[in-house]
Every structure is written in C-alpha cells, then in structure tokens.
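> Sequence and predicted structure below; questions after.
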Amino acid sequence: MPGFSRILRRTLATVAAEATFPTSPSAAASYLYKERNFNRIVDQFKKSSALDHFRTKNGVYENVVRRLASAGRFDQIHEILDHQKGFRDIKKEGFVARLICLYGKHGMFDYARKLFDEMPQLECDRTVVSLNALLTASVNSKKFNENEALYTELPEKLGIKLDGVSYNVIVKGFCESGDFERALAMLNEMEKMGFSPNVITFNTLLNFLYRKNRPEDGDRVWRMMEEKGVAPDVRSYSSKLVGLTSRKKMKEAVELIDEIKSKGIKPDLFCYNSLIKGYANEGDLDEVKTWHKHIVKNTEYDPDKATFGIIIPLACEKGDADYAYQLCKDIFHLGCLIDPPTLQKAVDELVKQSRMKEAEEVRLLGRNNKYFRYILQVPATE
DNA sequence: GTAGGGTTAG
C-alpha cells in the first residue's frame, strides 16, 4: 500500500519537524521552505523571527509571503509582518523598507502606507529609502496613479528629497500604467533635479516598449541612451531581442546575438529563450533544436523552465515524440521546474503514438519531481 | 536593506 506508507512517512516527518524545533536561523528558514501547511508556516515564522539572523534572510520572507498571497491568505501576511514590530530591527529603516516592499508586492498598499506612517512611533527614521520603498509598493500594487501625492507632496511634507532611485520607480510606474509620454517626461524632470538616467532607467523603458510592441519608440529610447553615453547591458539587449523576435525578425535577432558578444557581453538565458521563442512562433523546429543544442554545448547555462515550456509544445505539435521524450528526461535530469500542462502535452503525444512505455515513464517522472508532484493522466494499458 | 527581465511550487 504505497499510499498509506506515504501518508505515514509524511506524518512521521511532521512529528519529527515539531520535535526538532529549528533553533538555528538557517534551519528555521529551510524548514519554512519545505513546510506546506500554512498555519504551521505562520506559527513557525513568528517564532523564528525572534532569531536575529533569521530576520536578515529576505529570501524566506519573500517566499513565505508569496505563497501566502497566492493562497489568498492576506490576513496571515499581515500577521507575520506585523509581528516583526516586536523586534529591535524595526528601528532600522532598511528592515522596515523591506516590509513595506513585501506588502506592496502583493497588492497590500494600504498596509504598506500604514507601516510607513507608523515609523516615527516605532522610533525609526524615515529617509528617501523608505519613501522609495513606499513608492515601489504603490507601483507594485498598481495604485500608482492614485498615489501621485507620494512623489509630489509627501517628500516636501516630510522634508525628504527624491533621489535617482525614486525617479526610476516613478518611470516604472508610468510604464506600468501605459503612459509612455509621462515616463519620458520624467527623464527630463529627473535631469532637471540633477539626476542622470542610468542603465536601469533606460532598461525600464526599453523593456516596456519592446514588450508592448512599440519597437519604433524602443529604438528612439535606445538612441537616446546612446546619446547620453549610457552603455547598454545584457538586459537592454534582451529587451531589444524581444522586440525583434516577437516581430519574427529572426535574421536581425541572430545578428544582435553576435553584436552582444562582440561587445564583450555574454548573452544570457533570457536572450536565448527569446530567440527560441521566435523560431517556435515560426514553427521552425530545426532552428529551435539548433539553438537548444547551442545553449547546452556553448554556454554555461542549462535550459530552464521557460526553454522547455517553449520547445516541448512545439515538438509535440510537430509530432516529434522522440525529441519531446528526450526533453522530458532532461527536465528531471536537471531537476528543473516545469508546468504540468507542458508535461501533459508530452504524455499525450507519446500516447497518441502508442508509445505507452515512454508515456508511463514521463508520467512517473512527473510524479517524482523534486519540487512538485504532478498528477499526469495516462490511459491505463490493457 | 529602496530601482530594471519571465515564471515561481496551495
């Protein structure tokens, strides 16, 4: 009875976890990454927060808050973040800025604002750092347009001067709300205030424009960046690549890859995946295979979830079951994440071609995935 | 410790 033994093992593991209450910050963190029960997570998170070093581990905070948010457990997000007020770090602005951002990432702007307003009572100084965190929270909560006062009136009211970071957040806000003209106007505004747009400012704009299919405006900003003597980095180029590949300008995209290299910049997985996506959109399985091989052989990167998510559906569509099957094995060999629907497509294609043994194998790989147990359907064999 | 890419495990 495999089902029963699994339940038994899980129960024993839980008992063991409770018995060996993690007292070191990193043990506490790794417990929280693994724990699946939200009530236990919240409880354990609050206890762990008492450990000084635990509170420096932003990764666990991000992870736990994100998981709670995707389960809609916003009360519990507030519960664990509000609990942080009981520790001395709450007097440190950087720590509070982190909390403000955490609220903002999941649409909880009102909580972010409340915490910002409470900072004086918490004996925590407010500078441009926490103001920027609040601005970021309003952008991430998509409340940017409603919150113009955050960058117009609030700085003056508190005697805080905006800095370059602030302007980059404001530019992002206008991009997110689709207002390219105001985003551009903000470049002039920031220069007037003595802050030069940097590569982050330009990348924010380029990413928005090329992704939203506005290549002419993208190229305009690119020229502006060159005029200002700001050197593009790999992220600038990968935005430009998206602009080319989404318009199926594959020849230019490949040339751009060479240009990147000639500048001494290493194209990263984002670049290669966008190239592969372009070829996949054209249904060109041969080119997709070529670039997949290129990643494996000539770069330091491993194909990732995004790569497989593009290639497997195409391989299935083209009826190349061998390739799809090989890719599925690669996923588990690399221990990488994959969307269940993608994997299901591979199973379906194998079944369609009556390759039941391989279909079953992929199904089992899905079930034993180290990150997640996928329940994949494969018709029972007679 | 606040700013830029595509996802993210209930």
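On my side now, so go ahead.
> how far does stretch A:123-134 stretch from start to finish?
Between the start and the finish of stretch A:123-134 there is a gap of 18 Å, counting by Cα to Cα, to the nearest Å.
> Over to stretch A:143-157?
Terminal residues of stretch A:143-157 are spaced 20 Å apart (Cα to Cα).
> What are the contacting residues of that stretch?
A:109, A:128, A:131, A:134-135, A:138, A:160-162, A:166, A:170, A:173-174, A:176-177 (Cβ atoms under 8 Å, 6 or more residues apart in numbering). (Glycine included, C-beta is placed from N, CA and C.)
> average pLDDT across that stretch?
When pLDDT is averaged along stretch A:143-157, the result is 93.
> again with stretch A:60-68
94.
> Give me the buried positions along that stretch.
Judged by neighbour count (16 or more other Cβ atoms under 10 Å), stretch A:60-68 contains these buried residues: A:60, A:61, A:64, A:65, A:67, A:68.
> quick one: the residue in chain A that DNA strand B sits nearest to from residue A:277, how far?
Here the residue of chain A nearest DNA strand B is residue A:306; by Cβ to the nearest atom of the strand that distance is 1.6 Å. With distances taken as Cβ to Cβ, to the nearest Å, residue A:306 is found 8 Å from residue A:277.
> same thing with residue A:355?
Per Cβ to Cβ, residue A:355 is found 27 Å from residue A:277.
> quick one: which of these two has more around it?
Just comparing residue A:355 and residue A:277: by other Cβ atoms under 10 Å the higher neighbour count belongs to residue A:277, 21 against 16.
> just to revisit the earlier point, just the contacts of stretch A:143-157: which are in strands?
Here DSSP state E is the test, and the contacts of stretch A:143-157 give no hits in strands at all.
> now for the strand or helix carrying residue A:251, which elements pack on it?
Secondary-structure element containing residue A:251, defined by DSSP states H and E: helix A:250-262. Counting contacts by 3 or more Cβ pairs under 8 Å, 6 or more residues apart in numbering; DSSP states H and E, helix A:250-262 is packed against helix A:234-245, helix A:269-281.
> Buried residues in stretch A:260-276, which are they?
Buried positions in stretch A:260-276, judged by neighbour count with 16+ other Cβ under 10 Å: A:260, A:265, A:267, A:268, A:269, A:270, A:271, A:272, A:273, A:274, A:275, A:276.
> same thing with stretch A:315-335?
Taking 16+ other Cβ under 10 Å as the basis for neighbour counts, the residues of stretch A:315-335 that come out buried are A:315-316, A:318, A:320-321, A:323-325, A:327-328, A:330-332.
> The stretch 151-300 of chain A: helices as residue ranges?
Counting by DSSP state H, counting those that start in this stretch, the stretch 151-300 of chain A has helices at residues A:154-158, A:164-176, A:180-192, A:199-211, A:215-227, A:234-245, A:250-262, A:269-281, A:285-298.
> Let's have those helices in CSV, adding distance to residue A:339.
Supplementary listing: those in CSV, determined by distance: least, Cβ to Cβ, whole Å:
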stretch, distance to residue A:339
helix A:154-158, 41
helix A:164-176, 25
helix A:180-192, 32
helix A:199-211, 21
helix A:215-227, 29
helix A:234-245, 20
helix A:250-262, 25
helix A:269-281, 15
helix A:285-298, 18
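> Columns distance to DNA strand B on top of those, output as a markdown table?
As requested, the helices of the stretch 151-300 of chain A are arranged in a markdown table below (distance: least, Cβ to the nearest atom of the strand, whole Å):
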| stretch | distance to DNA strand B |
| --- | --- |
| helix A:154-158 | 12 |
| helix A:164-176 | 4 |
| helix A:180-192 | 10 |
| helix A:199-211 | 4 |
| helix A:215-227 | 10 |
| helix A:234-245 | 3 |
| helix A:250-262 | 10 |
| helix A:269-281 | 3 |
| helix A:285-298 | 12 |
